[in-house]
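Trainee: starting from these lines, generate the structure:
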Amino acid sequence: MARTKQAWTIMETVIMVFTLSFIMGMLIISVQKMVVKAQVAKAVEDFRVIADAATRYHQDTGQWPWWGVSSNMTKWGVGFINNRTVNGTTIVVGGAGPRWDGPYLESWIAHPWSKNAGAAMDSTMYQWDDTIQCFRNNVRCYMIEISMRYMTQARRNYIAGLIDRAIDDGDGPCNGTFRGDPNICPNWSGWPFYWVANGSSIDNDPVDQNPNPRRNFNLPSS
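Mentor: Numbers count the residues shown, from 1 in each chain. I've put the predicted structure just below:
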């Protein structure tokens, strides 16, 4: 009788440990999902804050902030925080002209996954940039990039996909406002971006004319 009671006690302990482990596992997964949800919400808000700041800059000066902002510490917030532009590696004081009426941001912004981005500065901060690679049509666009190059492809697809659903209802990396490199669709690239405006096809031309359709303009065909 004592032997049977002892056997049941051991079995009950094993069941209890298994049950507690299962509950803890579910709690950890739930907390991780909550953290990611908060990070995605923060990224979406950051994109809109920077895009609105760039739009106000454009309305005041007639041009968009210069490309390459945040690629190194000296360029963090150039044009957004102070009246400066970038000429190669040289910071030009007053380069935005007399109509600059900032600051348009109080400080430059680190993205929500920056603690996992490693030592590279350009991986921890959002980047304001321009390229002719947005839509495969040789039209320059102005955008806010976020580095996900340190993530696995599966993780990148998951995180970028959540951001895309929040901004574009999940239309994928080749459509809408939040996009990836069109050359590697349907996967998300290591530098997905929030599209703000189209410019000319001339390299380094900051003058543009087609702000994002989320501000009541037409989206160009991909």
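
Trainee: for the helix or strand in which Ile28 is found, give the mean pLDDT please.
Mentor: Applying DSSP states H and E as the criterion places Ile28 in helix 2-61. Across helix 2-61, pLDDT averages out at 81.

Trainee: next SSE after it?
Mentor: strand 84-87.

Trainee: just the C-alpha atoms of that following strand, please, in PDB.
Mentor: This file holds the C-alpha atoms of strand 84-87, laid out as PDB (Å, rounded to 0.1, in the frame of the first residue of the first chain):
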ATOM      1  CA  ARG A  84      22.600  71.700 -42.200                       C
ATOM      2  CA  THR A  85      23.000  69.600 -45.300                       C
ATOM      3  CA  VAL A  86      25.600  66.900 -46.300                       C
ATOM      4  CA  ASN A  87      28.000  67.300 -49.200                       C
END
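
Trainee: counting by contacts, list what that strand packs against.
Mentor: The elements that strand 84-87 packs onto, with contact taken as 3 or more C-beta pairs under 8 Å, 6 or more residues apart in numbering; DSSP states H and E, are strand 90-93. Any C-beta I mention is one placed from the backbone N, CA and C, and that applies to glycine too.

Trainee: for the strand it packs on, the averaged confidence score.
Mentor: Computed over strand 90-93, the mean pLDDT rounds to 75.

Trainee: stretch 178-193 now?
Mentor: Mean predicted lDDT for stretch 178-193 stands at 84.

Trainee: in that stretch, what's buried?
Mentor: 178-182, 188-193 (16 or more other C-beta atoms under 10 Å).
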